[in-house]
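K.L.:
Here is the input, now give the coordinates:
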Amino acid sequence: MGKASRVVLSDKRKMDMDALIKQRTEKQQELNSLKKRLHANRFTSNMIIEMQSQLDALQNDIDHLTKTINDHAAQIEDVKDVSFFDTGVTLFTRKATVKTTRLARF
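P.N.:
Modelled structure (predicted):
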């Protein structure tokens, strides 16, 4: 096995990516939490409509952040793929190195 190569980003770009990943991860966790609350409790129809509106807004934010992260990753020479999950983002490099950024769950 060869030595793993790391994706090297400028300090500014790394801070931008970290901030975007953190925002997206927090929004995804908020969306999941809201969905659980919606399914676990009984609400009036007005409350459900309000919660659905919040869900839609969160999903739009997540979609926008996902696109922005993908756009940033496309500008990094070594990155060939990006995977998103509830607790973070994984960047796959051309040398098969995986860089995972996760936020701790509290």
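K.L.:
low-confidence ranges in this structure?
P.N.:
Applying pLDDT under 70 to the chain flags the ranges 1-15, 96-106.
K.L.:
quick one: furthest residue from the center of it?
P.N.:
For the chain, the largest distance from the centre (C-alpha atoms, centre = their mean) belongs to Thr44, which lies 31.2 Å off.
K.L.:
What's the separation between that one and Asp86?
P.N.:
Distance, Thr44 to Asp86, using C-beta to C-beta, to the nearest Å: 29 Å. Any C-beta I mention is one placed from the backbone N, CA and C, and that applies to glycine too.
K.L.:
and what of His39?
P.N.:
From His39 to Asp86 the distance is 16 Å (C-beta to C-beta).
K.L.:
So those two - more neighbours on which side?
P.N.:
Asp86 (12 against 7; other C-beta atoms under 10 Å).
K.L.:
nearest residue to the more buried one other than its sequence neighbours?
P.N.:
Excluding the flanking residues, the one nearest Asp86 by C-beta to C-beta, 6 or more residues apart in numbering is Gln28, at 5.4 Å.
K.L.:
helices or strands next to the helix or strand encompassing the one you found in the packing?
P.N.:
If you go by DSSP states H and E, Gln28 is part of helix 11-40. Judged by 3 or more C-beta pairs under 8 Å, 6 or more residues apart in numbering; DSSP states H and E, helix 11-40 is in contact with helix 45-74, strand 88-93, strand 98-102.
K.L.:
Including mean neighbour count, could these go into a markdown table?
P.N.:
Formatted as a markdown table, the helices and strands packed on helix 11-40 follow (neighbours: other C-beta atoms under 10 Å):
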| stretch | mean neighbour count |
| --- | --- |
| helix 45-74 | 14 |
| strand 88-93 | 19 |
| strand 98-102 | 13 |
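K.L.:
Need the ones you listed in a markdown table (columns: distance to Lys35).
P.N.:
Listed next are the helices and strands packed on helix 11-40 as a markdown table, based on distance: least, C-beta to C-beta, whole Å:
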| stretch | distance to Lys35 |
| --- | --- |
| helix 45-74 | 7 |
| strand 88-93 | 19 |
| strand 98-102 | 20 |
